[in-house]
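Chemist: Sequence isn't available, so here's the structure alone:
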C-alpha cells in the first residue's frame, strides 16, 4: 500500500502540473493535486473486481493517515486535528463527487468547471488540466489490478498537455 500511495504522491508532485498546467504551487494547490490523483486511482479501483474495493479502502485509510500526520507536523494541536481532518475529508469527498459527475458528462464543460473551481481558480484556463485528467483516466482504464499494484498508476507527463504560449502571454 505504501508503494501505491508513494506513486500517487509522486504523480501529484510532478513539476509539470505546476509549471505547465498552472496548478498553484501552494499547500492548497498540492492538496488539490493529491486529491485529484487519489480520486483517479480510486475511480479505477472502483471499476475492478475484488479485492480492488478492499484495497481502495486501504488506500483511503493510508492517504488520510498521512494527511493526519502532515497536519500534526504543521503544529496543529491534538484538539484541532480532528476538526481539520473533518474539513479535509469533506473537501476530498466533495471533490470526488464533483469529478465523478464531470467525468460522466458527455462534454468537457463540467470537468473544466470543476477543475477551475477546485484547483485553478475562476480566471484560469483549465483545458490543459482537463486533457491531462482525461488522459490519466484512459491510461488507468487500461491497467488491471495487478499491474496497478506492481507498476503503479500510469499517469501521463503533464508537459504533454501544456497550452502553447502565444504572443500575448509574454508581451515584450
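Modeler: Good, I have the coordinates. This one's a predicted model, so the numbers in the text were calculated from it and none came from an experiment.
Chemist: The residue nearest the centre of the chain and residue 77: what is the separation?
Modeler: Nearest to the mean C-alpha position of the chain, by Cα atoms, centre = their mean, lies residue 36 at 1.6 Å. Residue 36 sits 29 Å away from residue 77, going by Cβ to Cβ, to the nearest Å. (C-beta placed from N, C-alpha, C; glycine too.)
Chemist: How many residues are close by residue 113?
Modeler: 16 (other Cβ atoms under 10 Å).
Chemist: The chain: helices as residue ranges?
Modeler: 2-12, 15-19, 27-46, 52-73, 78-104, 109-115, 127-141, 145-151 (DSSP state H).
Chemist: Let me see the mean pLDDT of the longest one.
Modeler: The one in question is helix 78-104. Helix 78-104 shows a mean pLDDT of 94.
Chemist: What of the fourth one?
Modeler: Averaging pLDDT along helix 52-73 gives 95.
Chemist: Equivalent analysis for the shortest one, please.
Modeler: For helix 15-19, the per-residue pLDDT values average out at 97.
Chemist: please begin residue numbering at 181 from this point
Modeler: New numbering, starting at 181: the last item is helix 195-199.
Chemist: gap between the closest residue in space to residue 321 that isn't next to it in sequence and residue 340?
Modeler: In space, and not counting its chain neighbours, residue 321 is closest to residue 224: 6.7 Å by Cβ to Cβ, 6 or more residues apart in numbering. According to Cβ to Cβ, residue 224 stands 20 Å off from residue 340.
Chemist: who's more crowded, those two?
Modeler: Using other Cβ under 10 Å as the criterion, residue 224 and residue 340 rank with residue 224 on top: 23 against 12.
Chemist: Roughly how far does that one sit from residue 275?
Modeler: The value you get for residue 224 to residue 275, if Cβ to Cβ is used, is 16 Å.
Chemist: Hmm, residue 306 and residue 300 touching each other?
Modeler: Yes - with contacts counted by Cβ atoms under 8 Å, residue 300 reaches residue 306, the gap being 5.4 Å.
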